[in-house]
Each structure stands twice: as structure tokens, then as C-alpha cells.
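Enquirer: the following block contains a protein sequence and its predicted model.
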Amino acid sequence: MTLPRDYANQVCSAARSLEIVGERWTLLIVRDAFYGVRRFSDFAVHLQVPRAVLTERLTALVQDGILDRVPGPGRRDEYGLTAKGVDLWPVVRSLMVWGDEYYGRAEGPRRLFRHAADDGQLDGYGICAECGKHVPVPEILVLPGVLSYEPGNAPNPVTEALDAPRRLLEPLVMPTGRAARAVA
């Protein structure tokens with residue numbers, strides 16, 4: 001029996017929100033968009049999500065105004081977060097903080113977040129330890145944590161590209177040549 005995609009009998013903002021971002025893979029796609037992943041093939045290789053599911057999720061995110069589909073280099077479209085999508089950062093970040101707390105690795109978190117202006121570490125609420133300010137998404141640096149990928153599990157080109165410090169929302173530029181073809 002297939003479950004319905006909506007919460008028709010729920011008069012609740014959380015239920016309405018889950019109708020948009022509650023499907024499997026959706027928040028991971030949004031997370032990757034914050035990391036700068038923009039191409040369909042890059043989402044597919046990084047998340048290892050079935051292509052049909054990825055197509056469905058990206059289409060829904062565009063229809064719901066979370067992502068924009070824009071022309072990219074060559075004939076390939078890319079996806080970028082809209083302002084509405086960027087407003088999901090506290091949700092995504094809170095889930096990562098909660099996951100690190102209860103299901104994280106003993107060695108430390110996989111990704112670290114810092115304020116680009118003063119290199120201050122951000123707490124779970126996005127407050128900089130150095131200046132005490134709430135840091136807007138474009139000013140957040142994401143850095144690799146203690147262990148970026150599982151030992152014995154070969155990283156893909158997207159994971160390797162994300163293992164360098166970068167600002168959130170900065171488009172991920174894949175290397176040209178052999179690595180880029182492996183992603184395509």
C-alpha cells in the first residue's frame with residue numbers, strides 16, 4: 001500500500017513543511033545544494049540516489065520554489081537554491097547538529113562550519129564564537145571534519161571537491177577531464 005504524500009487531515013505548519021521536504025532524499029539534495037552541488041549528475045554520484053527518484057525530487061523542489069533550474073555551461077541545466085530554499089539552512093544545520101550529537105562519530109563531525117570574516121566556529125544556532133553574531137549563509141565556510149568519508153569506501157569526485165574549505169552556496173566546480181567524465 002502506497003502512503004499518501006500529503007497530510008490532508010493535519011492543520012499544522014510542520015505537516016505542510018513535511019509535504020515539501022519530508023520525502024526521502026529531499027533534504028540531502030537541499031544540503032548538497034548548500035554545499036554548491038548544482039548539476040544533476042553531481043547530485044546523483046554524491047548521493048547515490050536512483051536517477052528517477054532524483055529527477056522527481058528536483059522537479060518537486062523547483063515546483064515548490066526551493067530550487068531554481070538555470071542554464072549551466074554547455075547544454076546542461078543546473079540547480080540553485082532560491083531565497084526560500086536558503087531559508088531552510090537552519091533546518092538542515094539543526095538536523096546535522098542533532099545527528100552529530102546522537103549518531104555522530106567519536107572522532108568528531110564530518111563537516112565544520114566557521115564564520116568567513118573572522119574564522120570563528122559556529123554553534124548549532126549559527127552564532128559565531130568570535131564575534132557573537134548570527135552568520136548569514138553566504139558568509140559560512142564549510143570545512144572537512146575529522147573524517148570526511150568512510151575508510152575503504154572510495155570517495156567520488158564530488159566528495160573529494162568538498163574536502164576543501166569553501167563557502168556555502170558557492171557553486172562546486174568539478175575538475176575537467178577524467179574526473180569530470182566519471183561524474184557525468
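Expert: The structure has been received and is ready for your questions.

Enquirer: what sits against the spatially most central residue of the chain?
Expert: Among the residues of the chain, the one closest to the centroid is Arg31, at 1.4 Å (Cα atoms, centre = their mean). Applying Cβ atoms under 8 Å, 6 or more residues apart in numbering, we find Arg31 in contact with 92, 96. Heads up, the C-betas are built off the backbone N, CA and C, glycines and all.

Enquirer: sec struct for it, please.
Expert: State at Arg31, reduced to three classes by DSSP: H, G, I helix; E, B strand; the rest coil: helix.

Enquirer: now for the strand or helix carrying Phe43, which elements pack on it?
Expert: When secondary structure is defined by DSSP states H and E, Phe43 falls within helix 40-47. Where contact means 3 or more Cβ pairs under 8 Å, 6 or more residues apart in numbering; DSSP states H and E, helix 40-47 is packed against helix 26-34, helix 51-63, strand 77-81, helix 157-161, helix 178-183.

Enquirer: give the next helix or strand downstream of the longest one.
Expert: This points to helix 51-63. Following helix 51-63 toward the C-terminus (DSSP H and E): strand 67-71.

Enquirer: got the angle between that next one and strand 77-81?
Expert: 150 degrees (axes from the mean of the first three to the mean of the last three Cα atoms, to 10 degrees).

Enquirer: contacts for strand 67-71?
Expert: Outside of strand 67-71, the residues within contact range by Cβ under 8 Å, 6+ apart are 33, 58, 61-62, 77-82, 85.

Enquirer: neighbour-wise, which of the residues you listed leads?
Expert: Ala33 (26 neighbours; other Cβ atoms under 10 Å).

Enquirer: residues contacting the closest residue to Leu88 other than its chain neighbours?
Expert: Sequence neighbours aside, Val30 is the residue nearest to Leu88 in space, at 5.7 Å (criterion: Cβ to Cβ, 6 or more residues apart in numbering). By Cβ under 8 Å, 6+ apart, Val30 lies in contact with 21, 61, 66, 81, 85, 88, 92.

Enquirer: would you tell me which helix is longest in the chain?
Expert: In the chain, with assignment by DSSP state H, the single longest helix is helix 89-103.

Enquirer: other SSEs contacting it?
Expert: Other elements packing on helix 89-103 under the criterion 3+ Cβ pairs under 8 Å, 6+ apart are helix 26-34.

Enquirer: any idea of the angle the helix it packs on forms with strand 77-81?
Expert: Angle of helix 26-34 versus strand 77-81, following the same axes, to 10 degrees, is 100 degrees.
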